[in-house]
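Undergrad: Sequence and predicted structure below; questions after.
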Amino acid sequence: MEWQAATVMLVGWFGQNLKAIKEFPTWLAQLCIAVATFACYALVTPPSGPINTWVMNGVGWCFQTLGAASVMGNTPLAPKTDSH
């Protein structure tokens with residue numbers, strides 16, 4: 001499995017578990033997911049070419065990870081949002 005897919009799945013799973021904590025605001029959990037994903041992207045993918053393309057690729061990974069977290073919350077893989 002490539003590092004990108006592993007990052008999306010692992011950060012998404014941890015993020016969904018964070019979103020499941022009732023006392024933890026969902027928007028803050030989503031921000032944590034996005035920051036962690038972009039940090040992983042930035043550590044592994046050095047900027048090449050136009051900086052705006054590099055940033056938009058990182059943002060794309062953030063949205064994919066947020067989507068993966070939501071999908072995991074609707075399956076037995078992770079708890080539903082605000083369930084704990």
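TA: Alright, I've got the coordinates. This one's a predicted model, so the numbers in the text were calculated from it and none came from an experiment.
Undergrad: Name the residues of the longest helix along the chain that come out as buried.
TA: Ranked by number of residues, the top helix in the chain under DSSP state H is helix 51-73. Buried residues in helix 51-73, counted by 16 or more other C-beta atoms under 10 Å: W54, G58, W61, C62, Q64, T65, L66, A68, A69, S70, M72, G73. Glycine gets a C-beta too; all of them are placed from N, C-alpha and C.
Undergrad: how much space between the residue nearest to the fourth one when sequence neighbours are not counted and G58?
TA: Looking back up the chat, that one is C62. Leaving out its chain neighbours, the residue that sits closest to C62 by C-beta to C-beta, 6 or more residues apart in numbering is A34, at 4.2 Å. Distance of A34 to G58, computed by C-beta to C-beta, to the nearest Å: 9 Å.
Undergrad: So F24: helix, strand or coil?
TA: Secondary structure, DSSP: H, G, I helix; E, B strand; the rest coil: F24 is coil.
Undergrad: That one: neighbour count?
TA: Neighbours of F24 under the rule other C-beta atoms under 10 Å: 14.
Undergrad: got a list of what the residue nearest to it when sequence neighbours are not counted touches?
TA: With C-beta to C-beta, 6+ apart as the criterion, F24 has its nearest non-adjacent residue at 6.0 Å, and that residue is L18. For L18, the contacting residues are F24, A29, C32, I33, by C-beta atoms under 8 Å, 6 or more residues apart in numbering.
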